[in-house]
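Student: Curious how this folds, go ahead:
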Amino acid sequence: MEQTRLQWLCKDQSTRTASSRKPGERMQTNLANRATLLQSLPLFTGLADEALYLLAENSRLRRFQTGEIVCYQGDPGSTCHIITKGRVRIFLVGEDGRELSVRILGPGEIFGEMALFEGLPRSANVEALEETQTLELQHDVLLGLLQQSPTFALNLLQAMSARLRSSTEDAGELASLTVVERLAHQLQKLAEWSGAPVPDGVRIMVPMTQQELATMIGTSRESVNRALVQLRRQGKVRLEKGWIVLLAERPSRAIS
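Tutor: Predicted coordinates:
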């Protein structure tokens with residue numbers, strides 16, 4: 001069976017040690033690694049190896065430290081980012097200086113793609129919540145792929161549709177739930193998304209301050225503090241050295 005370019009590159013580079021490769025070969029190794037990484041992400045499922053290699057050739061590896069701003073609201077939107085490691089927070093800042101977190105994104109997700117269609121500046125700020133690595137792509141490269149690959153176009157539409165649906169659900173919660181209910185629901189989503197099992201529940205592995213939680217549910221830090229106290233009294237959460245543990249529900253005892 002004939003090997004594709006990507007398969008040949010991966011096999012060829014794996015037979016050579018890093019010290020034995022010439023600069024051009026090391027570049028080929030980096031491209032093959034990036035293409036393989038892209039191939040593993042849901043957004044690029046079904047893409048031909050040639051398309052993956054084209055994206056790899058036109059991408060730039062970026063690394064961000066915890067708390068570092070990836071991009072600011074109002075910046076020119078000429079690139080988008082695909083997260084390969086870590087997590088980021090998308091947030092807005094109102095005229096009064098108050099923040100509202102729109103979404104948290106993790107590995108395999110894309111941000112900055114809205115400017116691809118609008119040609120407008122960045123609509124939100126993006127902050128790294130932990131050490132984060134992304135592949136940065138020029139919009140014209142991504143736009144060219146959209147025009148050539150119906151598979152990628154459908155994958156991107158599905159990703160954007162899911163994000164829009166989630167935003168609609170979040171807006172409904174802001175309008176109909178109490179602060180305690182909104183916080184409990186947000187903690188549940190964080191636990192499902194980035195939780196680590198512990199004997200009595202799930203520890204949320206994204207470090208979150210009370211102020212950051214407040215920006216996610218549209219309230220103040222003081223309100224989050226009171227809501228956490230209430231949830232703790234109800235036996236639903238436990239605070240553990242800066243971590244939040246969502247406690248498992250205990251089965252009610254049968255009345256004999």
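Student: Give me the distance between stretch 159-175 and the centre of its chain.
Tutor: 16 Å (CA atoms, centre = their mean, to the nearest Å).
Student: Mind listing what's buried along stretch 93-108?
Tutor: Residues of stretch 93-108 classed as buried: 99, 100, 101, 102, 103, 104, 105, 106, 107 (neighbour count, 16 or more other CB atoms under 10 Å). (Each C-beta comes from the backbone N, C-alpha and C, glycine too.)
Student: Now do the contacts for the third one.
Tutor: Pointing back at residue 101 there. The neighbours of residue 101, taking CB atoms under 8 Å, 6 or more residues apart in numbering as the test, are 89, 90, 91, 212, 215, 216.
Student: Would you convert those into CSV that also reports secondary structure?
Tutor: Shown next, in CSV, are the contacts of residue 101 (DSSP: H, G, I helix; E, B strand; the rest coil):
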residue, secondary structure
89, strand
90, strand
91, strand
212, helix
215, helix
216, helix
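Student: from those, which two are the most distant?
Tutor: Farthest pair in those (CB to CB) is 90 and 212. Separation: 12.4 Å.
Student: what about residue 231, neighbour count?
Tutor: 20 (other CB atoms under 10 Å).
Student: Please identify the helix or strand for it.
Tutor: helix 221-233 (DSSP states H and E).
Student: Low-confidence regions, the stretch 1-150 of the chain specifically.
Tutor: 1-29, 116 (pLDDT under 70).
Student: Contact partners for the closest residue to residue 131 other than its chain neighbours?
Tutor: Nearest-residue entry for residue 131: residue 86, 5.5 Å, with adjacent residues in sequence omitted and distances by CB to CB, 6 or more residues apart in numbering. By CB under 8 Å, 6+ apart, the contact list for residue 86 reads 64, 106, 107, 128, 129, 130, 131, 132, 133.
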